[in-house]
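Engineer: 3D model of this:
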Amino acid sequence: MSGSVLALVNVVGGAPDKASLEALALARRLATDTGATLEALIIADGATAGAAAAALAGVSATKAIVAEHPGLTTDHPDGWAAAIAQVVETRGPAAVVGAGTERGNELLARVAARLGLPMAANCLSVEASEDRYRLTRQRWAGSLLEDCWLDAPTKLLTVAPNTVAVGERDGSPAPAIEAVPVTLTDADLVVRVTGREAPERGRISLGDAKVVVGGGRGVGSGEGFADLEELAELLGAAVGGSRVVTSAGWRPHSDQIGQTGQRIAPSLYIACGISGAIQHVVGIKAAKHILAINTDPEAPIMNVADYAVIGDLHTVVPAISAEIRRRSSSA
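Structural biologist: Have a look, this model is predicted:
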């Protein structure tokens, strides 16, 4: 097998986001196994594409393709689906690999619909065999792993977030940029993002945090998160919550961790007053270590926790913060 493997690269702040680097890692492995070339399709306007392509040095991509259209920005889902579909039809790659984020899955699903091709979402591994790929992917919010075959002229698949290691970069140069003109209709550009809410300045994002402090129903109220915020500040951590917390209005939806929120991969996750419903557990599966603080020793969160403190979080969390401050002052 040969040809090319096309990786979709989403650009945030002028650089590829983490999920795109994970998609590139799997695409790179697939290209190596099949003797194909690796190409990146950069989802960004021309003004930021150059910096994003330069950031791809060391990933073995031979080309960075930029869809060229004056009305195309990162805020047009149908426009990008149409552009990607045209690039696929023109270049005929063996596979297209995208990020298994909300946006990545939605975008590649739109591409699949336009091209009449099957799509496999949230893949963990891929093995190429003749003209088919054997996949292992997450189903039912990660509670089930499915082995299946993907058979199509061009295989469309996304990578489950926080499941593929980005790995070390090699000495390959930044890929050469190739602009590909695309034709879009007014209908392709009618749906667009009209505004964005930026996170508070200086706040650590859940996706990037090495430590996350999460609160659930046991926190009791929005004001109850003050103890968690204090601990997070001492640890340089981010603060999140379960779905019940965001549904109650105690925290914004952007802080929600779980199946319908963010999936995180910190070195340490501290779950405070969280029972551990499967939807929440899905969002913390990639955490390296989990500490549960709960009054109920039989809470489901205990089944996935590495460490547990049985007690009232409003007593335990301030005690942890006090000990951290004591050790910091004596150091």
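Engineer: okay, CA-based contacts and neighbour counts for the rest of this
Structural biologist: Noted.
Engineer: Please identify the helix or strand for residue 180.
Structural biologist: When secondary structure is defined using DSSP states H and E, the element that contains residue 180 is strand 176-181.
Engineer: Could I get the buried residue list for the helix or strand just after that strand?
Structural biologist: Toward the C-terminus, strand 176-181 is succeeded by helix 186-189 as the next helix or strand (DSSP H and E). In terms of neighbour count (16 or more other C-alpha atoms under 10 Å), helix 186-189 has its buried residues at 188-189.
Engineer: Please parse the protein into its domains.
Structural biologist: For the chain, the domain assignment from automatic domain parsing gives the residue ranges 4-189, 211-330.
Engineer: Select, out of these, the one closest to residue 197.
Structural biologist: Closest of these to residue 197 is domain 211-330, at 9.8 Å (criterion: C-alpha to C-alpha).
Engineer: just how off-centre is the closest one within its chain?
Structural biologist: Relative to its parent chain, domain 211-330 has a centroid offset of 20 Å by C-alpha atoms, centre = their mean, to the nearest Å.
Engineer: Quote the end-to-end distance of it.
Structural biologist: Using C-alpha to C-alpha, to the nearest Å, the gap from the first to the last residue of domain 211-330 comes to 23 Å.
Engineer: Start the count at 703 instead of 1 going forward.
Structural biologist: That works, and once the first residue is 703, the last one we named lands at domain 913-1032.
Engineer: pLDDT score assigned to residue 870?
Structural biologist: The model reports residue 870 with a pLDDT of 81.
Engineer: And it, how close does it get to residue 760?
Structural biologist: Distance, residue 870 to residue 760, using C-alpha to C-alpha: 8 Å.
Engineer: Please put the alpha-carbon coordinates of stretch 786-805 into CSV.
Structural biologist: Taking Å, rounded to 0.1, in the frame of the first residue of the first chain, the C-alpha atoms of stretch 786-805 are listed here in CSV:
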residue,chain,number,x,y,z
ILE,A,786,-11.9,19.1,3.0
ALA,A,787,-14.2,17.1,0.8
GLN,A,788,-12.8,18.8,-2.3
VAL,A,789,-9.2,18.2,-1.2
VAL,A,790,-10.0,14.6,-0.6
GLU,A,791,-11.6,14.2,-4.0
THR,A,792,-8.7,15.9,-5.7
ARG,A,793,-5.8,14.1,-3.9
GLY,A,794,-7.5,10.8,-3.1
PRO,A,795,-5.7,10.0,0.2
ALA,A,796,-5.9,6.5,1.6
ALA,A,797,-7.1,7.9,4.9
VAL,A,798,-8.1,11.1,6.6
VAL,A,799,-7.4,11.3,10.3
GLY,A,800,-8.9,13.9,12.6
ALA,A,801,-9.2,14.7,16.3
GLY,A,802,-12.0,13.0,18.2
THR,A,803,-13.1,16.3,19.8
GLU,A,804,-16.6,17.6,19.5
ARG,A,805,-15.5,19.8,16.6
